[in-house]
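Enquirer: one predicted model, sequence on top.
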Amino acid sequence: MNLDFVLAAAAPVVETGNPITDIATQFGVTWQLLISQIVLFVIVALALKKFAYGPILKVLEERRQRIAESLANAERIKQELASAQTKVQELIGQASAQANKLIEEARAAAARVQEVETQKAIEAANQIVVKARQASEAELARAKAELRKELVRLVADTTAKVTGKVLTLDDQKRLADETTKQLAA
């Protein structure tokens, strides 16, 4: 549509000398209705801001904070798990070193014993080796059990924090069983 055609079709305007009044008259603006509509728009906008947008924004902010806290907790738990695994590896290394040290000491003692005492020394050394291995295995089993228990606790804590609900004893037992199965695999 041509703009000249629209302007030509417009009703003739009675000019009052004030261009704003002339334009308002040409477009049929009633000042009382315009002002009342502006006032009503402002009232509705303020009411929506206070009763609709405000609470929605508040809920969204709270949710964002909870998600941020959950992510921070998950990262902290991940770091704790890594440090616990490092500690277990250190304990296993120490137990192995002690077992090796005991074995070497037993062999050195057996070599220094006279020919007559050689048989007794070999038996004693073998007993020490067996005891050292048993102690090492017991320490390893204890460390693994402690790690499993800590891992199950961390998984339960993480699950409770991420989901935001309190876990029942059945939930905790189920999580412990699933975690133990995954560790065994």
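Expert: It's in. The shown structure was predicted, so the numbers you read here are calculated from the model rather than taken from an experiment.
Enquirer: what packs against the helix or strand that contains residue 61?
Expert: Assigned by DSSP states H and E, residue 61 belongs to helix 54-112. Packing contacts for helix 54-112, counted by 3 or more CB pairs under 8 Å, 6 or more residues apart in numbering; DSSP states H and E, involve helix 118-163. Where C-beta positions appear, they are placed from N, C-alpha and C, glycine not excepted.
Enquirer: give me the packing partners of the helix it packs on, helices and strands only.
Expert: Applying 3+ CB pairs under 8 Å, 6+ apart, one finds that helix 118-163 makes contact with helix 54-112, helix 169-184.
Enquirer: ok so, going back, could you give the average pLDDT over the helix holding residue 61?
Expert: On average, the pLDDT along helix 54-112 is 88.
Enquirer: measure residue 102 to residue 123 for me?
Expert: Distance of residue 102 to residue 123, computed by CB to CB, to the nearest Å: 15 Å.
Enquirer: who has more neighbours, the two?
Expert: residue 102 (18 against 11; other CB atoms under 10 Å).
Enquirer: correct me, but the more buried one touches residue 130?
Expert: No. Taking contacts as CB atoms under 8 Å, residue 102 lies outside contact range of residue 130: 10.7 Å.
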